[in-house]
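Dropping the sequence and predicted coords here.
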Amino acid sequence: MKEFIKNQKVTYNLMSFTGYKALLLFSLLSESPKSYNDISDYFFNHPYLRERISIDTLRVYINSLKRIGCEIKRTRGEDKISRYMIVSHPFELKMTPAQIQSVIKVYKSIVKNMDIKEILAMEHLFEKISYYIKNTELAADIRKISMLKDVDIKLLEDLLDCCDKKEQIVISYNSPNSGTKDIELIADKIESSNGKIYLYGIGFEYMQYGSFLVSRIKKINEIKLTKTAPDNLKTFKIIYELECNPENIQLQENEKIIEKKDNKVVIEMNTSNDFLARQRLLEYGPICTILKPENFKNEFVNLLKDMKAGYYCD
């Protein structure tokens, strides 16, 4: 120790080489199967060792690992070269099926209140956990119940980046009505609704704010170098009233409170997409009353009547 403090160098005198080499061998075989030549070359090129080991010495280190509980086998590949591999070891993180179900239950509970970036980070976390545990079914089970199960993760990450930068992009979109087509838009945000992931932005085709199901986006064809802000975006205002505690209201970016009463609040929504506006107001159910404009209010009432008729038709 005095020598190390003085010179700040690791030397032969400071190391237990039998234990150190066994740990190096364990780390090396944990990565992938290795031949004797692979192991010998690694030790020879190691900055602290710089020596080759004999096959007999290698067996000593392998037996040392076996004594602490490692299962090591020697296999022969198509190239006829023998390689050593670690089948199992006592340091593995193991999870029983019951434990996996408990983790899935917790996952279902916490993702309900997460945004897309947090859900994406959670997916990556479980992928890492699955890599280190013996039971590899965890990531697959999480994937089955995830909102991202039908989504290209790399594409989603690229779209999130475009939204952060408010990029003007052209996407290839598989429309259920018109098939695959190119859509140009200014990317705004990505959110979940009813268990599905949507990209929101100002579309240039209809010059209005719209949503696009991310699972139907095939790729980003182009990111424009210069942005062309649409100057003919058609917007209109909707005034509606909610019967609720004003302190519990969660407004969207295009909304603001214009009046507060006892257990009631009046909200102004500025939108260019009447479909998204209707979806937003339908979520409130009976606590919502549309005040203005009159034409939108009448259309909404007719929509509710049609929905009711669907339940009472003969």
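Yep, it's here. Residues are numbered from 1 along each chain as shown.

So for the helix or strand where E127 lies, mean pLDDT?
Under the criterion of DSSP states H and E, E127 resides in helix 116-132. Taken as a whole, helix 116-132 has a mean pLDDT of 84.

Please provide the alpha-carbon coordinates for the very next helix or strand once past that helix, formatted as CSV.
The first helix or strand that comes after helix 116-132 along the chain, using DSSP H and E, is helix 137-145. The C-alpha coordinates for helix 137-145 follow below in CSV (Å, rounded to 0.1, in the frame of the first residue of the first chain):
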residue,chain,number,x,y,z
GLU,A,137,-39.5,-13.6,-20.0
LEU,A,138,-39.9,-10.4,-18.1
ALA,A,139,-39.2,-8.0,-21.0
ALA,A,140,-41.5,-10.1,-23.2
ASP,A,141,-44.3,-10.0,-20.7
ILE,A,142,-43.9,-6.3,-20.2
ARG,A,143,-43.9,-5.8,-24.0
LYS,A,144,-47.3,-7.6,-24.3
ILE,A,145,-49.1,-5.1,-22.1
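
What is helix 137-145 packed up against?
helix 97-110, helix 116-132 (3 or more C-beta pairs under 8 Å, 6 or more residues apart in numbering; DSSP states H and E). Every C-beta, even on glycine, is put in place using the N, C-alpha and C of the backbone.

Now do the longest one and helix 137-145, the angle between them.
Using axes from the mean of the first three to the mean of the last three C-alpha atoms, to 10 degrees, the interaxial angle of helix 116-132 with respect to helix 137-145 works out to 150 degrees.

Tell me the gap between the helix holding E127 and the middle of its chain.
Taking C-alpha atoms, centre = their mean, to the nearest Å, the mean C-alpha location of helix 116-132 is offset from the chain mean by 7 Å.

coming back round to it: can you tell me which of the helices and strands packed on helix 137-145 is most buried?
Each of the helices and strands packed on helix 137-145 was scored by mean neighbour count; the highest is helix 116-132, a mean of 15, by mean count of other C-beta atoms under 10 Å.

Contacts for that helix next, please.
92-93, 107, 110-111, 114, 136, 138-140, 142-143, 146-148, 153, 156-157, 160, 190-192, 197 (C-beta atoms under 8 Å, 6 or more residues apart in numbering).

Just the buried ones from the residues you listed, in PyMOL syntax?
To isolate the buried ones among the contacts of helix 116-132 in PyMOL, judged by 16 or more other C-beta atoms under 10 Å, type:
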select buried, resi 107+111+138+139+142+146+147+148+156+160+190+192+197
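
Any figure for the gap between L225 and E51?
Going from L225 to E51 by C-beta to C-beta, to the nearest Å gives 57 Å.

which of the two has more neighbours?
Using other C-beta atoms under 10 Å, the more surrounded residue of L225 and E51 is E51, with 11 against 7.

so how far is D141 from the more buried one?
Distance from E51 to D141, by C-beta to C-beta: 47 Å.

now do C70
Distance from C70 to D141, by C-beta to C-beta: 28 Å.

which one of these two has more residues nearby?
Under the criterion of other C-beta under 10 Å, the comparison of C70 against D141 puts C70 first, with 21 against 18.

Just give me the longest strand of the chain.
Longest strand of the chain, by residue count under DSSP state E: strand 179-193.

what comes into contact with it?
Strand 179-193 has contacts (C-beta under 8 Å, 6+ apart) with 115-116, 119, 147, 156, 159-160, 162-163, 165-175, 197-205, 209-210, 212, 214, 218, 221, 227, 229-230, 279.

Could you pull out the buried residues of that strand?
Within strand 179-193, the residues scored as buried using 16+ other C-beta under 10 Å are I183, E184, L185, I186, A187, D188, K189, I190, S192.

and those as a markdown table, adding pLDDT?
Output for the buried residues of strand 179-193, formatted as a markdown table (pLDDT from 0 to 100):
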| residue | pLDDT |
| --- | --- |
| I183 | 93 |
| E184 | 92 |
| L185 | 91 |
| I186 | 89 |
| A187 | 92 |
| D188 | 90 |
| K189 | 90 |
| I190 | 93 |
| S192 | 86 |
